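>>> What follows is a predicted protein model with its sequence.
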Amino acid sequence: MEILVHPAGEQTVHLLELGTEQRPTAQVTHPRADLARVVARHEREQSVRWVWADTAALVPELIDAGVRVGRCLDLRLCRAILAHAAPGRDWPDLGWTAVTAAAPPGEVVPPTLWEETATTQTLSLAEVLAERELQQAAVAAGAGPERMRLLLAAESAGALVAAEIAADGLPWDRAVHEELLTEMLGPRPAAGARPARLERLAGQVREHLAAPTLNPDSQPDLLRTLRRSGLDVQSTSKWEIGRLDHPVVAPLLEYKKLARLLSANGWGWLDHWVLPGTSPDHRHRFRPDYVPGGVVTGRWATSGGGALQLPKSLRRAVRADPGWRLVVADAAQIEPRVLAAMASDDALAAAGQAGDLYQGLVDRGIMATRAEAKVAMLGALYGATTGEAGRLMPRLIRAYPRATAVVEEAARTGEAGGTVHTWLGRTTPPPPPSWRERQSGRDRGRFTRNFVVQGTAAEWALCWMGEIRRRLAALAPLPERAHLVFFLHDEVIVHTPADMADQVASEIRAAATEAGRLLFGATAVAFPLDVAIVDSYGETD
DNA sequence: CACCCCCGCGCG
DNA sequence: AAAGCGCGCGGGGGTG
């Protein structure tokens, strides 16, 4: 059954059973403080799909109260998908344009910001009910109602996962992180000062360039100084500097690497984003602020913390609690596999059957080396026309005409100003009316080409995670339940009691197969994972 | 001072 | 200095 939850102000909350004929059959009003208890009772008694405007606005208080829900429908996220899929319908403005950014931990948020983001509070019950009915009508009238329902369910499950990861946090070993920083940068400096190692490197750079006042953090200053030293560079990128023959290259590249580490994940980041866990025998926790559906293609984004850019060099600091383990799983070559399934390309499916799809291309004599196979495949997915990828393209098209036709077709549609959609029906926004003035058709074509694959891969990942979440909930009750703690496009980390790690690993594998079946039915495409059971994320590099 | 853009680099 | 997609983030430096 479906129950709509609608907070009315700070004090009360309405619960409405949604009848099969889309009309509410029973409405109950509770004090807001009772919400978690009421939700928990329903969860115990029957299988419920909760329907609400905004998961991020409701679920954290349930989690705080120790209550987890099985399924939901997040109307705000569904609206974002449906408004693009059915642009002809008359969608009222509900103030849902912006993604809700949660406050970083410990941050004092100005009240005005809260007022701007807490837009769902102002909606009336009637508006939410009307929205729900509009959405159902749009789904039913759409090109693929079944697929769209799966997408909306998966997107909503993602919102639950994101809320739970924020609550549970990624276990983080502060001491390991601090050791790494000290090792690479030197001891923690006074606020605003450069760490010793960086200061030394800056000195070497200034010396090699005979520029005693150079600020290596200033791109204009650095570019000017390099050119004045007779170095023919157009930028200060490490790519370009790396091919120079000059004694400044080594210290400068090292400086850039370490300066990046300091500014992105230094002591400041650690203080701000890694906080004590809820229990004394826990490690600290990094709580990523994921934004489900934050990317046009349907990938997640982040808003603060940079969880999706966690440098590999720091992954050693991600460590399970004592008595717990991390199960790290990533989907091997998910984008080409998804493409093979979309195109029913049995030849490409067969190449990926044994495990490594790129190696499969080599074994079949299509490409000479694995590196070549990867470059060619990524080139096809991204729309490469020149260089090595462009040169290899004809061989790929000849070997896999069905799969390559899917992305070529998406590119042609985009070049002509059309919209394309993913397997489950997420649609590109239309190009703005004046797009040709600012963007070439080729640019738009590369975007739509990649959209269908990146977006469908994101759908697979959502189904995978939703299925993992469902299976883990069935495995054990809280608080000893294994739980998702990290997500990175095609990779997950589950934090699990050590004695359940093997079981968790096999559930994660089964979930991957199930995700493929949910999206594509009986497909010839395999969705293998690389799975590792470790104490530290760094062990998987 | 707040705001915005550019650049460069981390991730997939 | 990217060929070839999608992002977030921080620092510098300019503008109002």
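Alright, I've got the coordinates.
>>> and the stretch 401-541 of chain A, which residues reach DNA strand C?
A:443, A:446-447, A:450-451, A:454, A:489 (C-beta under 7 Å from any atom of the strand). Yep, even glycine has a C-beta here, placed from its N, CA and C like the rest.
>>> Just send those back as CSV, with distance to residue A:46 too.
Output for those, formatted as CSV (distance: C-beta to C-beta, whole Å):
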residue, distance to residue A:46
A:443, 51
A:446, 48
A:447, 44
A:450, 42
A:451, 39
A:454, 38
A:489, 35
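>>> so of these, which ones are in helices?
Among those, the members falling in helices (DSSP state H) are A:443, A:446-447, A:450-451, A:454.
>>> which of those has the weakest pLDDT?
Among those, residue A:443 carries the lowest pLDDT, at 93.
>>> Take stretch A:519-529, keep the C-alpha atoms, and write them as CSV.
This file holds the C-alpha atoms of stretch A:519-529, laid out as CSV (Å, rounded to 0.1, in the frame of the first residue of the first chain):
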residue,chain,number,x,y,z
LEU,A,519,16.6,-3.0,-16.6
PHE,A,520,17.1,-5.3,-19.5
GLY,A,521,15.1,-8.5,-18.7
ALA,A,522,16.8,-11.6,-20.1
THR,A,523,20.0,-10.1,-21.5
ALA,A,524,23.1,-11.8,-22.8
VAL,A,525,25.2,-9.1,-21.1
ALA,A,526,27.0,-10.0,-17.9
PHE,A,527,27.5,-7.4,-15.1
PRO,A,528,30.6,-8.8,-13.2
LEU,A,529,32.0,-7.0,-10.2
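>>> name the element residue A:156 belongs to?
Following DSSP states H and E, one finds residue A:156 within helix A:145-168.
>>> and that helix, which residues are buried?
A:147-168 (16 or more other C-beta atoms under 10 Å).
>>> what's that helix packed up against?
helix A:55-64, strand A:71-74, helix A:75-85, helix A:125-141, strand A:290-291, helix A:441-475, strand A:483-487 (3 or more C-beta pairs under 8 Å, 6 or more residues apart in numbering; DSSP states H and E).
>>> which stretch among these comes nearest DNA strand B?
helix A:441-475 (6.1 Å; C-beta to the nearest atom of the strand).
>>> touching DNA strand B at all, that closest one?
Yes. Counting by C-beta under 7 Å from any atom of the strand, DNA strand B has neighbours in helix A:441-475: residue A:454.
>>> Next, the angle strand A:483-487 makes with that helix.
Counting by axes from the mean of the first three to the mean of the last three C-alpha atoms, to 10 degrees, helix A:441-475 points 160 degrees away from the direction of strand A:483-487.
>>> Buried residues in helix A:441-475, which are they?
Buried, per 16+ other C-beta under 10 Å, within helix A:441-475: A:441, A:444-473, A:475.
>>> ok, residue A:284 touching residue A:171?
Yes. Between residue A:284 and residue A:171 a contact is recorded at 7.5 Å, counting by C-beta atoms under 8 Å.
>>> for chain A, what are the low-confidence residue spans?
Residue ranges of chain A with pLDDT under 70: A:20-25, A:97-121.
>>> Leaving out sequence neighbours, find the closest residue to the residue of it found nearest DNA strand C.
Nearest residue of chain A to DNA strand C, counting by C-beta to the nearest atom of the strand: residue A:234, 2.0 Å away. Using C-beta to C-beta, 6 or more residues apart in numbering and skipping residues adjacent in sequence, the residue nearest residue A:234 is residue A:240, 6.8 Å away.
>>> hang on, that neighbour packs against residue A:227?
No. The criterion here is C-beta under 8 Å, and residue A:240 misses it with residue A:227 at 11.9 Å.
>>> just to revisit the earlier point, make JSON lines from the helices and strands packed on helix A:145-168 and add distance to residue A:377 to it.
JSON lines is the format used below for these (distance: least, C-beta to C-beta, whole Å):
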{"stretch": "helix A:55-64", "distance to residue A:377": "35"}
{"stretch": "strand A:71-74", "distance to residue A:377": "34"}
{"stretch": "helix A:75-85", "distance to residue A:377": "28"}
{"stretch": "helix A:125-141", "distance to residue A:377": "34"}
{"stretch": "strand A:290-291", "distance to residue A:377": "28"}
{"stretch": "helix A:441-475", "distance to residue A:377": "10"}
{"stretch": "strand A:483-487", "distance to residue A:377": "24"}
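>>> can you tell which of those is closest to residue A:504?
Judged by C-beta to C-beta, the one of those that comes nearest to residue A:504 is helix A:441-475, at 7.0 Å.
>>> Which parts of chain A belong to which domain?
A:2-141, A:175-268, A:284-333+A:458-540, A:334-455 (automatic domain parsing).
>>> just so I know, which of those domains lies nearest residue A:278?
domain A:284-333+A:458-540 (8.2 Å).
>>> what's the first-to-last distance across that closest one?
21 Å (C-alpha to C-alpha, to the nearest Å).
>>> Report the secondary structure element holding the residue nearest to residue A:234.
Here residue A:240 is assigned to helix A:238-241, by DSSP H and E.
>>> quick one: that helix to chain centroid distance?
29 Å (C-alpha atoms, centre = their mean, to the nearest Å).
>>> Same question for stretch A:224-232.
40 Å.
>>> Repeat that for stretch A:497-511.
Worked out by C-alpha atoms, centre = their mean, stretch A:497-511 lies 22 Å from the chain centre.
>>> Break down the stretch 201-350 of chain A into its helices, ranges please.
All helices of the stretch 201-350 of chain A, identified by DSSP state H, counting those that start in this stretch, fall at A:219-228, A:238-241, A:249-265, A:267-273, A:334-343, A:346-351.
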